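Novice: missing the sequence, but the structure's below:
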């Protein structure tokens, strides 16, 4: 039962206490919070806050401070100007009372954050927040109007009790954290940052007082956190607002000293790590020397041993982060000083961090933090390796090799039940670590060279040579194969590299895996499968090694956990080595038949393998030679399609539908595989008679037409068996699109008449049909070999009917966007069909539809509409029979278009849409001398523009736009005007 709305302060207090009762259900907590928020937001909320703060219960006091925060955020604009300073003093007095009364840290800190919210809302009424609060804490009441004597500031701080210093530090910390969230570059926000800067000297004195060695542990801890917040803010502000905070450097040495403090090590460590990560240059030379001395001290050695033994606690882990961050910050200096004691100590520490017991991101959290260092270390060597004879370079390369060896050991996947005990996050973390190692190995190759590659190859070959499969260290083999996979994109066709790959792929590795796969760790087989696909280009140069690799891959297809990886590698080999595999097509078809009978034959894998075989079929020298294998491939799909139809007739419609869709995706995969490869030059003979030569007739009217007949029959059968199934139609569109990209005829290159007929007969699937129509039109417009204007006109008539039926684009924005996208495609490819479309009133309806699309709420539709008009207004210098009607349409639509664009740029669109609406405006201004009158008239008639935008502002905007004559600067003018109309001068913050 939901709590009732309280009618008294006692009722509110009771609700607050109920909120913090143990064993509350989440639903109960939400219900109480909802009621409390209603009370807090009520007009009586200000008085409620006072009443709650008077209660001795810390949770009730916290709720009182929170109520003030809520009112400040929701009702701050309703506070009369004369009452603002009264409210400020009221809040300060409450903070002073809480501190003096020994209230809990929870309540005091919340009251501090409330005061910060007041400063954000009323900066001019709280111009010296830290100084004013210090005066008030000393006087035991609000004293914001007294002048602050900086000379007495130190004495005032020293006179404060620990509790009052803590409160002042909490306020100062929260102040700088919240101001740090405000965009520095905004002109209006500068007052916040200048105020904070003016308080920095006093805060520095406060921190110095708190972290003195005589301070209490609590005081020191709060002082360190305050220092961290101000330095973090200052580093950013010094860059963005040119505000100097270097005076805080005076305390960095004191903070470093606290690294040796058992009580404050963690906090001090956080602060130093933060500083080094943000700006190492903030540390002075003395700070750096002191830090280096501490890191190499016996105290550090003790912490380090605890860390690498795996027996250390949180402090040891924190020390590890300190070591890593320091190494990252000094990586260049470290790389060239490996022959010094300090450099040697530091690099050995970094290596030692890779020996921490456990698996990375499972029970070893430190090794994964070293990637940034080792990556920067290798990059620095690479950037300065012009003279490899320099001693430091050779020393540094050896350290990279050492690190790779350690990482290699870390990525070995445990065999047995160990991974099954890991949580999902731990498994993901370990796999992320492996990927990061792969990236590092790839980057390190530029430094170490082919020796690195040969080392991995030799490790694999040596591990399997002369051994029974059960004696092979499969963990080591898998780790090396994984690293070789990482290098695949880096290696070229270098003779040394090819020689190493010949050794690897010519070894007994794949024979062992094929013969004893079921008893070999799955991870080793997975990496073996992947490495073959990764080096497809090598097999293209060495086809003699293909049979063993492909036999192994097809063997792996029957293992459910390997089907995806093996099918991808098969596809990769068949794509790259297609010309070398044409004699194996029959074997491939046989292997596919065997595969489809296994449990691992899922839809995605079948599609991949069919595509792979099709790659090889495509490489056959003649169309006649392709007939039989294509027919065999179609036979597989036809069998699945018939099974889908039979299931549908038997009442199992869902299963039948799934198989039908899979069949069509398989057909699409075959079509993609038969496409001409991008890297093969295509010779096209002379194209007379509208681009139809004798070769093209092979698939449409010749012997190959039987293939197209079978494809169309399969499509029609499935569409008939599963009528009005949108996903079936989508899948068929995918089949047709495989032929759109072809520049020479093929079995999936259907005539425009067939394509158009299908699209028109399934127009109820509007968005997909129109998207496919756009691709269809665009593909024929590229080479213009075949005249499809009659087909395009039929599709345009379909769109005309859709516009008439839809009426307002806002009625169905998704379909409206498809319509506008289609019309834009017509403008770009066949503009004459649109501007001469008859009857004229229907043509006008199409243009009116695009104009109305400019004023809808949906951003994607607006973007499409602006793109349409940008394209249409770009039609210039074409044939007279097209240019004249285009110019007529511009005159007819000009004033309406101008009104739509001006409505958007006058604040009607979103900030992110201003560029999109500026583009057609740039095109419009150079099209007609009446444009200036159109724009001015549109702005003068716009009643939505606020009174703060004067007639002069509007005239100036129009003058600027016209004078720029379509230049890119128009976009910035549009942004400025949009900001003006929105009534704010704030820059956009993403």
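Specialist: Noted; the coordinates are in hand. All values derive from a computational prediction rather than experimental measurement.
Novice: drop to CA atoms for contacts and neighbour counts, all remaining ones
Specialist: Will do.
Novice: helix, strand or coil for the nearest residue in space to residue 823 that is not next to it in sequence?
Specialist: Excluding the flanking residues, the one nearest residue 823 by Cα to Cα, 6 or more residues apart in numbering is residue 868, at 7.3 Å. Of the three states, residue 868 takes helix under DSSP: H, G, I helix; E, B strand; the rest coil.
Novice: check contacts around residue 868.
Specialist: Neighbour list for residue 868: 820, 821, 823, 824, 827, 850 [criterion: Cα atoms under 8 Å, 6 or more residues apart in numbering].
Novice: same thing with residue 875?
Specialist: 883, 886.
Novice: mind checking how far it is from residue 886?
Specialist: Remark: distance between residue 875 and residue 886 (Cα to Cα, to the nearest Å) = 8 Å.
Novice: again, but for residue 847
Specialist: 12 Å.
Novice: and the two? which has more neighbours close in?
Specialist: residue 886 (22 against 19; other Cα atoms under 10 Å).
Novice: Contact partners for that one?
Specialist: The contact partners of residue 886, by Cα under 8 Å, 6+ apart, come to 835, 875.
Novice: Thought residue 777 was touching residue 792, still the case?
Specialist: Yes. Between residue 792 and residue 777 there is a contact under Cα atoms under 8 Å: 7.3 Å.
Novice: quick one, which of those two is more surrounded?
Specialist: Each of residue 792 and residue 777 has its neighbours counted (other Cα under 10 Å); residue 777 has more, 23 against 20.
Novice: those helices in the stretch 51-200 of the chain, which residues are they?
Specialist: 58-75, 81-100, 105-121, 129-139, 153-159, 162-179, 190-210 (DSSP state H, counting those that start in this stretch).
Novice: And those helices: which comes nearest residue 333?
Specialist: helix 190-210 (31.6 Å; Cα to Cα).
Novice: Now do the helices in the stretch 801-950 of the chain.
Specialist: 813-829, 831-835, 840-853, 859-873, 880-903, 914-924, 931-941.
Novice: For the first one, report the contacting residues that lie outside it.
Specialist: Contacts of helix 813-829 from elsewhere in the structure, counted by Cα under 8 Å, 6+ apart, are 766-767, 770-771, 773-774, 777-778, 781, 799, 803, 809-810, 833-834, 850, 853, 858, 860-861, 864-865, 867-868, 871-872.
Novice: what's the spacing between the nearest residue to residue 765 once chain neighbours are set aside and residue 237?
Specialist: Distances taken as Cα to Cα, 6+ apart place residue 726 nearest to residue 765, at 6.2 Å, with adjacent residues excluded. Applying Cα to Cα, the value for residue 726 to residue 237 is 56 Å.
Novice: Show the contacting residues for residue 925.
Specialist: Applying Cα under 8 Å, 6+ apart to residue 925 gives the contacts 931, 932, 961, 962, 965, 966.
Novice: can you put these in CSV and add distance to residue 494 and pLDDT?
Specialist: CSV is the format used below for those (distance: Cα to Cα, whole Å; pLDDT from 0 to 100):
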residue, distance to residue 494, pLDDT
931, 63, 93
932, 65, 93
961, 58, 94
962, 60, 94
965, 55, 92
966, 52, 90
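Novice: Phi first, then psi, for residue 360.
Specialist: Main-chain torsions, residue 360, degrees, to the nearest 10: phi -60, psi 140.
Novice: Please name the bridge partners of it.
Specialist: residue 364 (DSSP bridges).
Novice: Now do the buried residues in the lowest-mean-pLDDT helix or strand in the chain.
Specialist: Every helix and strand in the chain was compared by mean pLDDT, DSSP states H and E; the lowest is helix 153-159, with a mean of 79. Residues of helix 153-159 classed as buried: 153, 156, 157 (neighbour count, 16 or more other Cα atoms under 10 Å).
Novice: Show me the one in the contacts of residue 868 that has more neighbours than the rest.
Specialist: Neighbour counts for the contacts of residue 868 (other Cα under 10 Å) peak at residue 820, which has 30 neighbours.
Novice: Tell me how far that one lies from residue 796.
Specialist: Distance, residue 820 to residue 796, by Cα to Cα: 11 Å.
Novice: can you check residue 432 too?
Specialist: Separation of residue 432 from residue 796 (Cα to Cα): 51 Å.
Novice: Those two: who's more crowded?
Specialist: Higher neighbour count among residue 432 and residue 796: residue 796, with 21 against 15, using other Cα under 10 Å.
Novice: What strand or helix carries the more buried one?
Specialist: Secondary structure from DSSP states H and E places residue 796 in helix 789-806.
Novice: what's the angle from that helix to helix 813-829?
Specialist: Angle, helix 789-806 to helix 813-829, by axes from the mean of the first three to the mean of the last three Cα atoms, to 10 degrees: 150 degrees.
Novice: Who are the packing partners of helix 789-806?
Specialist: helix 752-761, helix 840-853 (3 or more Cα pairs under 8 Å, 6 or more residues apart in numbering; DSSP states H and E).
Novice: Could you report the pLDDT at residue 190?
Specialist: The score at residue 190 is 81. That number is its pLDDT.
Novice: Could I get the contacting residues of residue 409?
Specialist: Taking Cα under 8 Å, 6+ apart, we find residue 409 in contact with 476, 479.
Novice: Residue 781 now?
Specialist: residue 829.
Novice: in what helix or strand does it lie?
Specialist: If you go by DSSP H and E, residue 781 is part of helix 766-783.
Novice: Next, the buried residues of that helix.
Specialist: Here helix 766-783 shows 766-770, 772-781 as buried, counting by 16+ other Cα under 10 Å.
Novice: Looking at the residues you listed, which one is closest to residue 126?
Specialist: residue 767 (57.8 Å).
Novice: Could you check the pLDDT of the closest one?
Specialist: 95.
Novice: what separates it from residue 951, distance-wise?
Specialist: Distance of residue 767 to residue 951, computed by Cα to Cα: 44 Å.
Novice: what about the stretch 851-990 of the chain, any weak spots by pLDDT?
Specialist: Applying pLDDT under 70 to the stretch 851-990 of the chain flags residues 983-990.
Novice: Other residues contacting stretch 938-953?
Specialist: Contact with stretch 938-953 is made by 895, 898, 899, 902, 903, 906, 907, 954, 980, 981, 983, as judged by Cα under 8 Å, 6+ apart.
Novice: which one is the fifth one nearest to, not counting chain neighbours?
Specialist: What it means is residue 903. residue 942 (7.1 Å).
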